[in-house]
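**Student:** coords please:
(3 chains)
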Amino acid sequence: MASVHINNIAKAYGAAKILHDVAVEIENGEFVVLVGPSGCGKSTLLRMIAGLESVTAGEIRIGEKVVNDVLPKDRDIAMVFQSYALYPHMTVAENMAFSLILKKTEKREIADKVERAAEILSLKPLLERFPRQLSGGQRQRVAMGRAIVRDPQVFLFDEPLSNLDAKLRVTMRAEIRTLQQRLRATIVYVTHDQVEAMTMADKIVVMKDGRVEQIGAPLDLYDDPDNVFVAGFIGSPSMNFLNVTVGSDGTLSVGNIPLQKPITMPSLRSSNVQYGIRPEHIDIDEGGVPLDVVVVEPMGSETQVAGKLGGQDIVCVLKDRIKARPGDILKIRPQADKALFFDSESGKRLR
Amino acid sequence: MRKANSLEAAQNRFGFSLTIPALLAFLVLIFGPFLRSAWLAFHEYLLTSTEPRFIGFANFIKLLSDPGFLLSWQVTAVFVVMTTVVTTIFGTAYALLLNEPMRGRSVIRAASLLPWVLPSTVTALLWSWIYNGQYGIINAALLTFGLTEQPIFFLSDNVGAMMSVTTAKVWLSTPVVMLFVLAALQSLPQEQVEAARIDGANDFHVIRYIVLPHIKKTLGVIMVLQAMGNLQMFDIIYAMTSGGPVRATTVFSIEVYRRAFENWDLGTASAVGIIWFLTIAFVAIPYLRSLFKDAD
Amino acid sequence: MNPLVLTSRHPVAVTFRAVITILLIGFLFFPVYWMIATALKPNNQIFVQFPSLVPTEPIIANFWRALSQSNLLGYLTNSLVTAGGSSLITTTLAALAAYGFAKYRFSGRFVMMNFMIAAQMFPFAVILISLYPMMQAAGLLDTLLGLTIAYVVFALPPAIYILFSFYSRLPNELIEAARIDGASELTILRKVVLPLSRPALISVAVYSFTWAWNDLLYSLTLVTSDNLRTIGPGLLLTFFGEMQQDWGGAMAAAIMASLPAVIIFAFLQRFFVAGLTSGAVKS
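**Tutor:** Next up, the predicted model:
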């Protein structure tokens, strides 16, 4: 296994700049997830690590070796594609053996490696089948088997679960995670699904418009986001943002409603402040602020209430069962120590 | 190429090298000869000449005042319009009928392509026999139903000859059009038809307002492709009528063949060819435009 | 499954549909039937004003006569050799070029490809005017090799287009997966792309074959020896010429001339239909 160093790389197709100055350090054996909305450049970055796209500027190192001009086959990497890209005219066994045959590996060794990979992925009964005879989840596993047999320095996953149904996705998520721990593999994994990122990653790289917004462990990003984008992207339902007025004495109000007790934070001077509070950090409190209930969604374990607070949209996730109905007024109170503040122009976190 | 793109550059060199054989074949066998013929169109080059002699537009000027050539233009137009329109109508109707579930449909569909694999001379023989002036089955039918008193010698009659070659070409191409229309029908969502039914549409309405708009683009491509093919038609006409009687079925291809390979007047033949090419190009513009749009 | 369009059960509609169906099927199939029926009749049933629709006493003498009085088998062999050879050349050239155009991004590829596709507008007879002296100069006039090469003219541009649209639909990820698996570009072509394009290649091969098989113009011009003639001019010069009155023999010869291609087509039909229409029509 090896580490991957991405030093200030950029990608441009002619005048169109896809990636700007991206830097990511991936430790040996680390599970790194690149996440962001579509078009943010995460797949391009992965394909550059794979050698399927050239690097316009900057440097990519795998281990100690600079690989900018190294062909994919010489990078010692394996990749699992979104569509799996299994060779339709080869059996499962042949699909997995293909790279080894090309490397002129000995027949015995190929058989051993395919056998072992099939064992790990419970593909043994399917070895003689063709991809068209497999279910989506099985194809997914064959694609991983194809990667495993190569014993690569780095595994690259490009949205591998997005073609599976929701239930299978959860199962495969755990399976990939277990596999990673078993092989102690370095994995770079691309997804647009923040839940996948949160549940699987050691380290998440949040990207947007070709730039890295923030890098960190899942819960660090959740608790301590650097900007509005990361705060809103990580977590579901996503964080509430309220435009608040900061009084000279540190009072915070939405419209004319005072939101919480005054706070003292030197950076909180500007009038353009967004107040961020996660839906689960809002409690029912008889002495709280009035919420005009719009929708109540009982989920069983919790209740989601969407409503208006001083004319602004807000969602609460409440542990208790609520009897409220649309049109009612509910008294709520945000947990003051959980609130985050952002500059509403730059989106930067105010600390 | 910049060094940053060296990965792609090597791949793309390989990709380019794959196209070289076809490119060479194209230049030597198609484009080169075509250019040389275009060049010949501005020369006098007869069997008796040793060298082509440059004469500017003289060949074209001569042709445009030659009633024989002008007639061949007209004959080509009649043949192309008739065959293209009738084949499209027949092929579409046939596709709509074969689209319905019926016993033996797939067999009929496959067997319908039979005309297409017959050598064109066989097609010509077949229809010459059917249209035969003495013993042809069509004459027998016409006489039986009292539609004519005397057998008609179709192939020796100006209109009859044109009708015969047109029939043969329509017969040859109808199944192909059927196939393309059938394929286009496949992509029509059943829900659209059902929605129209619920809105009160009958069969005619469904065809008029749902099916035809859906296959319009395909029909357009098919008609242009057919017109281009029909403009090139040589084999069947030459075999059935040799362009006769006199010049009644002398289309461009036969005009060129006669001038080039019977009279060995290569300059004039090439000039006819250039006018012919421009006619095809004019018809082909919409088709090529759609192709290029797809490719880019 | 195709959507149902004609569902009316009104008697007028049903009758109308039935009449059109019978007329169209009659138009398309009767000529073939009549060819077979005539070939099985003796002359005294053929040369009558009102022939019977079925041969009452079928005979096969016409077939023997057609075989003995013409070089039919020779013509057929020549046709198979030239059409088969040119189909092989065309399909190979077109497959390589189409794959190159579809999956590699070298500059000028669109110009090159559009140019080749546009060549479908060049009239074959006009190309022939200059191809003839070229063949003469190369010593290929009146040879089967020359005719085989000339036949590449017919189908190369459309074959490139059909295969280009096929390869454009082949997922890039398959090629990329092979690249990561360590395959060279040539290995990708041999081990991944070509095996996957077999149906498309077959359909293009049949398509090119048919073009050459149907030809009359080039064969008539480029070949003059009777023993090198292909089926088109062979039938034309035998049965439209001196034996013009032997319609029984002509129909028997026509049947035998058609059989090889019909048999080939019957076997490959399923590849062909799908390949051809999917390549040419986009929804």
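**Student:** all contacts plus neighbour counts: C-alpha atoms, from now on.
**Tutor:** OK.
**Student:** neighbours around A:Asp249, how many?
**Tutor:** By other C-alpha atoms under 10 Å in any protein chain shown, 9 other residues sit near A:Asp249.
**Student:** Tell me which helix or strand it sits in.
**Tutor:** Counting by DSSP states H and E, no helix or strand carries A:Asp249.
**Student:** Residue 158: how many residues sit nearby?
**Tutor:** Unless you meant another one, I'm taking chain A. Around A:Asp158 there are 22 residues (other C-alpha under 10 Å).
**Student:** that's the wrong chain, I wanted chain C
**Tutor:** 21.
**Student:** OK, contacts around it?
**Tutor:** C:Ile117, C:Gln120 (C-alpha atoms under 8 Å, 6 or more residues apart in numbering or on different chains).
**Student:** change it to 6 Å
**Tutor:** By C-alpha atoms under 6 Å, 6 or more residues apart in numbering or on different chains, C:Pro158 lies in contact with nothing.
**Student:** Look at it and report its pLDDT.
**Tutor:** pLDDT recorded at C:Pro158 is 88.
**Student:** Assign a three-state SS to C:Ala155, would you?
**Tutor:** helix (DSSP: H, G, I helix; E, B strand; the rest coil).
**Student:** ok, it touching C:Ser208?
**Tutor:** Yes. Assessed by C-alpha atoms under 6 Å, C:Ala155 is found in contact with C:Ser208 at 5.2 Å.
**Student:** out of the two, which sits in the more crowded spot?
**Tutor:** A direct count of neighbours by other C-alpha under 10 Å for C:Ala155 and C:Ser208 places C:Ser208 higher, at 27 against 23.
**Student:** check contacts around the more buried one.
**Tutor:** C:Ser87, C:Ala155 are the contacts of C:Ser208 under C-alpha under 6 Å, 6+ apart.
**Student:** Name the secondary structure element that contains it.
**Tutor:** helix C:198-213.
**Student:** For B:Leu118, list the residues it contacts.
**Tutor:** C:Ser258 are the contacts of B:Leu118 under C-alpha under 6 Å, 6+ apart.
**Student:** Identify the residues contacting the residue in the stretch 51-200 of chain C that chain B sits nearest to.
**Tutor:** When scored by C-alpha to the nearest C-alpha, the stretch 51-200 of chain C has C:Ala97 as its residue closest to chain B, at 3.9 Å. For C:Ala97, the contacting residues are B:Leu18, B:Thr19, by C-alpha under 6 Å, 6+ apart.
**Student:** Could you tell me whether it really is in a strand?
**Tutor:** No. Looking at C:Ala97 with three-state DSSP, it is helix, so not inside a strand.
**Student:** tell me what the worst-scoring helix or strand of chain A on mean pLDDT is packed against?
**Tutor:** Least confident helix or strand, chain A: strand A:257-260 with a mean of 78, by mean pLDDT, DSSP states H and E. In this structure, strand A:257-260 packs against strand A:252-254, with contacts taken as 3 or more C-alpha pairs under 6 Å, 6 or more residues apart in numbering or on different chains; DSSP states H and E.
**Student:** distance of A:Glu94 from chain C?
**Tutor:** Here A:Glu94 is placed at a distance of 12 Å from chain C (C-alpha to the nearest C-alpha, to the nearest Å).
**Student:** Next: A:Glu297.
**Tutor:** 41 Å.
**Student:** got it, and B:Phe277?
**Tutor:** 6 Å.
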